[in-house]
Every structure is written in structure tokens, then in C-alpha cells.
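Colleague: What follows is a protein structure lacking sequence information:
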């Protein structure tokens, strides 16, 4: 059975399609007779009228076959659009050509006038297209009338191609009704998109929202820069508007902008950061078919590194984690999200040299990402300073040197911007860990790299989860100082750039991620309140004063460590100071002695070892004796003086 016959039977078997086909054939007859009427100025001679009626016996079948061959009945009238109109035009043109050919071949005694053969298809296209457009308009009007009481008015920010696609979808939405559009392009001012007016620039959002009683806006600016999208999101929040956004065009699959792609504005949208790109081929060539190990795999950065690594077809990923619960959660996540990726979950402490060596011997990784560390600044500043040094410094030494002895190709340490001109124990311990990597590089073939970056949104112990918990409790949000600022990037962005640095890393180098602009924490708190749909009257902000070890602003570069460019615009190389060969010996002698130091003694050793470390004044929190009163402290002090 050939295809036209199959289509004909399929159409006739569908009552709805058969009804539409009958309508279209009626339109053919109407257009044919109307063309005759127009040709003879509404006074058709009797013999031509009879000829016109007789011609329908062969005109209708020709058009019917043309309609079926053109797939005219695959569309739904309710959603008639430009592709349907183009399909009608093709079908009518095909039918008109068939009629012209039939009139010539049949050698009819009273042939149809040439003007009728030309005019009839034009009239037919108007009737068929107009009927479908009218039906769609009627259905949408009925839909609007039914949902007028429940649909929420929304403003579209942007009047480009993305906005045009959304206008069409909003017309059929049962949730939203479009109140108007705003765009900074002066050439669009006063114009309309599908009947909806461009009201003015984005800055007029508060005024139009108040006038139109709108409480929601969709930011339709996928092609705009990150700064422009950030400005639009900030305008919404400051106006008390609940903001939704279309992702950047690079994040949209196939470039399609639909209501399904619209999402709530998140904190990442307020950072004003351009989307990160990485050289996927280089990363894949580094990871494909290899065993990759991540220490601190259950943490925020470690777990995201594991997720990103899974994209590049590694042979297996070794999860090395001290926390049993964090390891269990990560393993469960991978079982459902990455079932094809082989994982090896291993419990262990980075300070346990025998366990680390055993794991490396058993699994044989080609790359090791060292993300395990104590990172909470105030917690490490008081009563835990020595543990910060032991974990961050000695743990890095253990893993790095074990990788060197095991023949690992690359060891990548995840560091912090707090290592630059540190004022707290955490930052100084991370800087010392960087120096340990530099010192260890001299005696090992393993390429030992350091990647340094700032705060990440949503990481464990960061300010974001804390603010979220405080908002959930009804406030207040506690901010240390009105002027305190920090660098922020998203966790996936940080993880991707760490992987990128691993591909270009030369032994012993320190890579610094470009962090963009600093964010005022007080403004971040206000934005989080607005994102939650609340106001500062409902959730107040309370300033508590800087905590131990904190400073007003962070730094990513040191004057003594100028930055050099790399092929990637968001990665730089710090020209780190030369590390003395005796450093490794001195550090190990103190740490491996097994004698714990007090907080003040810990700062003393950091001052001695870490150039640029200037500890902030810290008041001891333990009542009674000072830090230096115990025999253990005296013993440790003696070791320091002897060293």
C-alpha cells in the first residue's frame, strides 16, 4: 500500500481529521466559485457557471490529494502557527498546479479562465489560513475567560527573540497573563510584540509593577551579559518583585526558550559572573580511562569534583573521606545519578600515612585531588589552631609525598584565597600547605599543583546555609560588619576550573581562579531575604562584629606574588616565593613530635614559617590559665627555640 493511500485511510479513520478535510474541500469549492464571481464582476454567464460547477468534480479530488500529500492534518488548529501556514501554502500551491495541469490535459470545451486558475489558490489560502487563525484566537479567548480569575499578571524584561517565544507561550498559559514588556533598547519603545506593548526601560519596573499590580517578572535576556542579567535581577528584588529568569543561551538546550526553561532567580544570578567554559577535550583526555582519587570527597568541593569528573569517562573514582555519613551519602547519590561510573568508597584520614599509602597501592590513581581540609575560620582560630595546622599542613604532606612515592601523575591541592596575606590560622595553614607542596615537588616526579580560590556559594560552613537557616527560623540574619565583603563563585564553577587547572598544570605552580567582584555580605543577606519573598521588616539584619580571624575583605593576589596569564581567561599563575629547603624538615619535626601546641604557640610557628602572616588579636576563651601554662606547652616552646 503506497503512502498517499495510507494517509488517506488514516485521515478518513480519524473523525476529527475527516471533518477538517471536508471543511477544506468546502473551502476549495467556495474559493473556486468566488474566483469565477470576481473574474466576471459578480455577473457570471450561465454557461461559465455550469462549467465552474462541473469542474469541481475533478478540482476537488486534485486538491484533496494535494492536502493529504502535504501532511496538512498533522497539526492541531488550536495551536496553528507559522509552520502550519507554510504547510497550507505548499498544499494550495501543489493543488493549484495540479488544477492548471488538469485543465490543460483534459481539453475541456469551456476551460476555466487563466485568471480563475491563478485567483482561486490565493482565495483558498486566505480562507484556510484565516479559518485556522480565527479558531485559535477563539480558543485562546475562551481559555483566557476561563482562567482570568486565577492567572497571575507578569512583566517580561526583554523584548528580543527570547521574549517573543515566551509571549507566544504565555498566551496559552493557564498560570500567567502577560501585562507588558520592558526593554532598554530605545528602538523597541512603544512597539508591540503579538499585541503586547513594550512599556519602557527596565529602570521603570517599580513604577509599572505598581501601576499594573504585578508581583512577578520573567527576565528574558539569555543573550545579555552577566552584568545586565544581574542588574535586572537586582531591580526585581529591590522592587519587591518575585523574579524568574531564562538561563543564559549557552545553558539552553538547542537554543530554545520556553516556559519550561524558566526558573526562579538564584543567588548565582546576582553575582554578575559570566558562565564558565572549560576545554572539555583537554579535560576528557586527562580523565578518560583513568583512576581518579578525591580526598575529602564527601565535602562540598570534593563531592562536586567527583560529579564533574564523572562526566569525563574515568575508569573509576576513589572517594577518600573521613566522615562515614558523608561517604555514604555520596555513594548513594552516585548509585542513582551515575550508575555507569565505577566508584570505590574508602574511609580514611589524610593524616594516616599508612592508610593513605595502602589506598594508593590498592587503587593506583593517575590523578589525586586533595580537597580534605579544615576550613571554618572562627572555629580554627580558637582552641583548634593546632589541629588546623596538623590537618591542613601535615595531611597535605602525607598525601602529596605518598602520591610521589606511588608514582601518581598529578597531585592537585585545593587551597583558599585566605592564604594570601593571611590574618587567621586557617589561611596561614593553607599557605603553609601550599609551601609544603612546593618543597615536596623538588624530590618527586609527580606534578604537584595548587589551585587557590575564594568562597563558594552553598559550601558547608559558608554564610549561605547559615542565612537560609536563620530565615527559616524567622531571623534575624547575623552579619559581622556592614562593610565586610567576600569573593563568591558557584561550587560547579570552582570544580570545573580546578579540573581545567589540572590539565595545564606545570609542576610546583600555584593557580589562582579569577573571582570577579567582591560581594558585600550585608547586601547578600538583603538579597536572600528578598529571594525568600520576605522584607527586612519581617526578617531583620543584625550586625554582630567581626569574629576571631576575620577581616573586612579578602585578597586573591599578594604584592610579592604577581599573577601571570594562562591560556584560560579565568586562570592565572601566582609567581610564588621560593621555599627554603629546610622548611619541610622543620615543619615535620614539630608536627611529628606528637606534642600539641596551644593557640598562641600555633600562631608563633605560623609567624615563623609563613611570610606575610599577621594574626589578628584573639582573646583566649578558656577561663583560668593562659595558653602557655601547661608542661606540654613549655616542651613545645623549647622545641621551637631549639629549631
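Modeller: That came through fine. The model shown is predicted, which means the values in this text are computed figures rather than measured ones.

Colleague: what packs against the longest helix seen in the chain?
Modeller: Longest helix in the chain, counting residues (DSSP state H): helix 114-147. Applying 3 or more CB pairs under 8 Å, 6 or more residues apart in numbering; DSSP states H and E, we find helix 114-147 packed against helix 15-39, helix 82-106. For glycine as for every other residue, the C-beta is placed from the backbone atoms N, C-alpha and C.

Colleague: Considering these, which stretch scores lowest in mean pLDDT?
Modeller: Least confident of those, judged by mean pLDDT, is helix 82-106 with a mean of 80.

Colleague: quick one on the thing from earlier: tell me which of the helices and strands packed on helix 114-147 approaches residue 166 most closely.
Modeller: With CB to CB as the measure, helix 82-106 is the member of the helices and strands packed on helix 114-147 nearest residue 166 (16.3 Å).

Colleague: And for the closest one, what's in contact with it?
Modeller: Residues lying outside helix 82-106 but in contact with it, judged by CB atoms under 8 Å, 6 or more residues apart in numbering, are 28, 55, 58-59, 62-63, 65-67, 69-72, 75, 111-112, 117-118, 120-121, 124-125, 128-129, 132.

Colleague: what about residue 368, which SS state?
Modeller: With DSSP: H, G, I helix; E, B strand; the rest coil as the basis, the three-state label of residue 368 is strand.

Colleague: That one bridge partners, please.
Modeller: residue 293, residue 411 (DSSP bridges).

Colleague: didn't it look like it was pressed against residue 409?
Modeller: No - distance between residue 368 and residue 409: 9.0 Å, which falls outside the contact criterion (CB atoms under 8 Å).

Colleague: all strands for the stretch 301-450 of the chain, in order.
Modeller: Chain-ordered strands for the stretch 301-450 of the chain, with DSSP state E, counting those that start in this stretch as the definition, fall at 316-321, 343-347, 367-370, 410-416, 447-453.

Colleague: would JSON lines of the ones you listed with mean neighbour count, mean pLDDT and distance to residue 595 be doable?
Modeller: Compiled in JSON lines, the strands of the stretch 301-450 of the chain are given as follows (neighbours: other CB atoms under 10 Å; pLDDT from 0 to 100; distance: least, CB to CB, whole Å):
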{"stretch": "strand 316-321", "mean neighbour count": "25", "mean pLDDT": "96", "distance to residue 595": "28"}
{"stretch": "strand 343-347", "mean neighbour count": "17", "mean pLDDT": "96", "distance to residue 595": "27"}
{"stretch": "strand 367-370", "mean neighbour count": "28", "mean pLDDT": "96", "distance to residue 595": "26"}
{"stretch": "strand 410-416", "mean neighbour count": "26", "mean pLDDT": "92", "distance to residue 595": "26"}
{"stretch": "strand 447-453", "mean neighbour count": "26", "mean pLDDT": "88", "distance to residue 595": "28"}
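
Colleague: Switch those strands over to TSV; also include distance to residue 592.
Modeller: Formatted as TSV, the entries for those read as follows, by distance: least, CB to CB, whole Å:
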stretch	distance to residue 592
strand 316-321	22
strand 343-347	23
strand 367-370	19
strand 410-416	20
strand 447-453	20
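
Colleague: so how many other residues sit close to residue 90?
Modeller: Applying the criterion other CB atoms under 10 Å, we find 15 residues in the vicinity of residue 90.

Colleague: Let me fix that, I meant to ask about residue 214.
Modeller: 21.

Colleague: How much space separates it from residue 189?
Modeller: Spatial separation of residue 214 from residue 189 under the definition CB to CB, to the nearest Å is 19 Å.

Colleague: This protein - how does it break down into domains?
Modeller: Structural domains assigned to the chain are 3-144, 152-270, 280-456+488-514+556-609, following automatic domain parsing.

Colleague: now, of those, which is deepest in the fold?
Modeller: For the domains of the chain, the largest average neighbour count (mean count of other CB atoms under 10 Å) is found in domain 280-456+488-514+556-609, namely a mean of 20.

Colleague: For that one, what is the distance to the chain centroid?
Modeller: Averaged C-alpha coordinates place domain 280-456+488-514+556-609 at 25 Å from its chain's average position (CA atoms, centre = their mean, to the nearest Å).

Colleague: Please apply the same query to stretch 29-36.
Modeller: For stretch 29-36, the distance to the chain centre is 57 Å (CA atoms, centre = their mean).

Colleague: So what touches stretch 473-480?
Modeller: Taking contacts as CB under 8 Å, 6+ apart, the residues outside stretch 473-480 that touch it are 466-467, 470-471, 521-522, 525, 528-529, 538-547, 550.

Colleague: Mind listing what's buried along that stretch?
Modeller: Along stretch 473-480, these residues count as buried under the neighbour rule (16 or more other CB atoms under 10 Å): 475, 476, 477, 479, 480.

Colleague: Please identify which pair of those lies farthest apart.
Modeller: Set against one another by CB to CB, the buried residues of stretch 473-480 have their most distant pair in 475 and 480, with a gap of 16.0 Å.

Colleague: pull the helix or strand with minimum mean pLDDT from the chain.
Modeller: helix 631-642 (a mean of 34; mean pLDDT, DSSP states H and E).

Colleague: Show the backbone phi and psi for the closest residue in space to residue 546 that isn't next to it in sequence.
Modeller: Counting by CB to CB, 6 or more residues apart in numbering, residue 546 lies nearest to residue 480, which is 5.0 Å off, once chain neighbours are set aside. Note on residue 480: backbone dihedrals following degrees, to the nearest 10 are phi -70, psi -40.

Colleague: and what of residue 235?
Modeller: As for residue 235, its main-chain torsions (degrees, to the nearest 10) stand at phi -60, psi -40.

Colleague: That one and residue 534: what is the separation?
Modeller: Distance check for residue 235 against residue 534: by CB to CB, it reads 18 Å.

Colleague: can you check residue 366 too?
Modeller: As for residue 366, its distance to residue 534 is 49 Å (criterion: CB to CB).

Colleague: Could you do residue 62 as well?
Modeller: Counting by CB to CB, the gap between residue 62 and residue 534 amounts to 67 Å.

Colleague: again, but for residue 469
Modeller: 14 Å.

Colleague: more crowded one of those two?
Modeller: Just comparing residue 469 and residue 534: by other CB under 10 Å the higher neighbour count belongs to residue 534, 15 against 10.

Colleague: quick one on the thing from earlier: can you put the domains of the chain in TSV and add distance to residue 615?
Modeller: Compiled in TSV, the domains of the chain are given as follows (distance: least, CB to CB, whole Å):
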stretch	distance to residue 615
domain 3-144	67
domain 152-270	32
domain 280-456+488-514+556-609	5
